[in-house]
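**Q** Curious how this folds, go ahead:
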Amino acid sequence: MSSGWEAVIGLEVHAQLLTRSKLFCPCSTRYGAPPNTHVCPVCIGLPGALPVPNRGAIELAIRAALALGCTVREHSRFARKGYFYPDLAKGYQISQYELPLSEHGTLSLAVDGETVVARIRRIHVEEDAGKNVHGTYGDATLVDFNRAGVPLIEIVGDPDLRSAAQAEEYLVRLREVLMFVGVNDGNLEEGSFRCDANVSVRPRGSDVLGTRCEVKNINSFRFVRKALEHEIARQAAVVAAGGTIRQETLHWSEALGKTVPLRGKEEAQDYRYFPDPDLPPLHVAPAWVERVRSAMPELPADKRARYATELGLTTYDAEVLTSHPGIAVFFEAAAGEGSLLGVAPKTVANFVQSLLKRDLMKPLLSGEVNRLASIAHDLVVPPREIARLVALVARGTISNRQANDVLAEMESSGRGAEAVVAALGLRQESDESALRAILEKVVAGNEAQAAKLRAGKSGVRGFFVGAVMRETSGQANPAVVNRILDEMFGGNAS
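**A** Next up is the predicted model:
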């Protein structure tokens, strides 16, 4: 985009609340059930069916509001948002309008060395619609109402973002917060966290907003960034050429690599909001808010700061270990066990990060956010055994290379670290006199390489370490071998 233009972006995020039942009825919210099996008269709006608010959903919405610094209203109201789509059986959606549950929060971002405080205008509670299914039976469109009535919060951000990179970071951090406080599972593929983006452009330095377009239902951070980069460039080119931006709703086509118009953009009056006559005003007493506040878990930003100050982890370590609440749960459990064994948190952190490259933590990362602690301890290799394995390495009982073999056997057999090490006979050889004798024998048989080492050519050092490892079937402690090399060859071995 030309440097003469500035993007103005505001995001609207729909996050599914982690309840077992829907917002106004007892039907299940479980994903993936056969079509139209989680429905009832309330879901599909049959005459005479009356909605009853789910208290658990309201409490989760309060938790999200507090996590994002919002003020929770003591009195709010549900409204009917009228529009006709096949996936909305009632012909209206129960949402909130004039009196939302909460308002005026913030979310701090760091992008390209710049700190941005993005304002959150409101968080309101609403029900989801059903799902249109195309292409299953020729040209016919089928409707699955399983999602109809699933509880959502809509988090409406102010237009404070100025680039696609900021928008992507906003979504990453927002999803992170909601997951850590147990409000949302963060599953983009299943649609439980999705985003609409409002974007316009204006001359740089101007405070007048341009005509905005809305890009709907983007369920990938990568697609959000690509869609916004394209749309910003498109609008800037149109305006720079003297054209006019049409206010419309778009969707991102990955196949075409561009935004595609869907329809004209609706305004609030088009939805004909009015208070839902079947639902009384929602009263959230201050005491209820304080009970929720007192039970709030640690926020990810606070957790990262604690990891740095109390555990001595680097910024990078803290970022990785708080990238998912399951990882943090696993690390803290392993670090706690490790401290009892005299292992530093940094040592445990390094090993846990190596586990992310394997499938070992996959069940934890795909588990239910509210059950992460129990899932972590039920894994094939639970945190306590990881701590014991790391302790064996830290004590020099086994090497890092042997630890990988031990871990693989722990995964396949379900046995603990000590039992596997004993069964495989993998204890590391750290006896200095025994290793010195082996090293002296290797040096005597390889005088040419020894001469190079004496001459300061440290590149041949690995030759002697490798030779000792072969003589001991890989059980020599490399740290001890290197120390003996230093003693035998002095500073020339370094």
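**Q** what about A423, distance to I386?
**A** Distance of A423 to I386, given as C-beta to C-beta, to the nearest Å: 18 Å. From N, CA and C alone the C-beta is placed, and that goes for glycine too.
**Q** Compare those two (neighbour count), which wins?
**A** Of the pair A423 and I386, I386 is the one with more neighbours under other C-beta atoms under 10 Å, namely 26 against 12.
**Q** ok, residues contacting the helix or strand hosting the more buried one?
**A** Here I386 sits within helix 383-394, counting by DSSP states H and E. Identification of contacts with helix 383-394 by C-beta atoms under 8 Å, 6 or more residues apart in numbering yields 330-331, 333-338, 340-344, 347-348, 351-352, 355, 376-377, 398-400, 403, 406-407, 410, 416-418, 421.
**Q** List the buried residues in that helix.
**A** Residues of helix 383-394 classed as buried by neighbour count (16 or more other C-beta atoms under 10 Å): 383-394.
**Q** now, among those, which is nearest to L17?
**A** Proximity of the buried residues of helix 383-394 to L17 (C-beta to C-beta) peaks at P383, which lies at 28.5 Å.
**Q** For the top helix by length along the chain, the averaged confidence score.
**A** Of all the segments of type helix in the chain, defined by DSSP state H, the longest one is helix 221-240. For helix 221-240, the mean pLDDT works out to 92.
**Q** and what of stretch 422-431?
**A** Stretch 422-431 comes out with an average pLDDT of 75.
**Q** and what of stretch 394-412?
**A** 89.
**Q** One more: stretch 280-295?
**A** Summarised as a single mean, pLDDT over stretch 280-295 is 97.
**Q** neighbouring contacts of it?
**A** By C-beta under 8 Å, 6+ apart, the list of residues contacting stretch 280-295 from outside reads 53, 58-59, 62-63, 66, 72-78, 99, 101.
**Q** cool, and stretch 306-323?
**A** 176, 180, 298, 300, 303-305, 327-328, 331, 335, 344-346, 349-350, 352-353, 356.
**Q** repeat that for 10 Å
**A** By C-beta atoms under 10 Å, 6 or more residues apart in numbering, the surrounding residues in contact with stretch 306-323 are 172, 176, 179-180, 298-305, 327-328, 330-332, 335, 339, 344-346, 348-350, 352-353, 356, 365.
**Q** Please spell out the ChimeraX selection for the buried subset of those.
**A** Selection of buried members from these for ChimeraX, criterion 16+ other C-beta under 10 Å:
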select :176,179,180,299,300,301,303,304,327,328,330,331,332,335,345,348,349,352,356,365
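**Q** mind listing which of the contacts of stretch 306-323 are in helices?
**A** 172, 176, 179-180, 300-305, 327-328, 330-332, 335, 339, 345-346, 348-350, 352-353, 365.
**Q** isn't there a strand covering V125?
**A** Yes: assignment of V125 by DSSP: H, G, I helix; E, B strand; the rest coil places it within a strand.
**Q** Domain-wise, how is this protein divided?
**A** What the record gives for the chain is the domain set 5-286, 298-424, 432-493, from automatic domain parsing.
**Q** Pull the distance from the shortest one to the chain's centre.
**A** Domain 432-493 has its average C-alpha position 47 Å from the chain's average C-alpha position, going by C-alpha atoms, centre = their mean, to the nearest Å.
**Q** C43 is in contact with A89, correct?
**A** Yes: contact criterion C-beta atoms under 10 Å: A89 and C43 qualify, at 7.5 Å.
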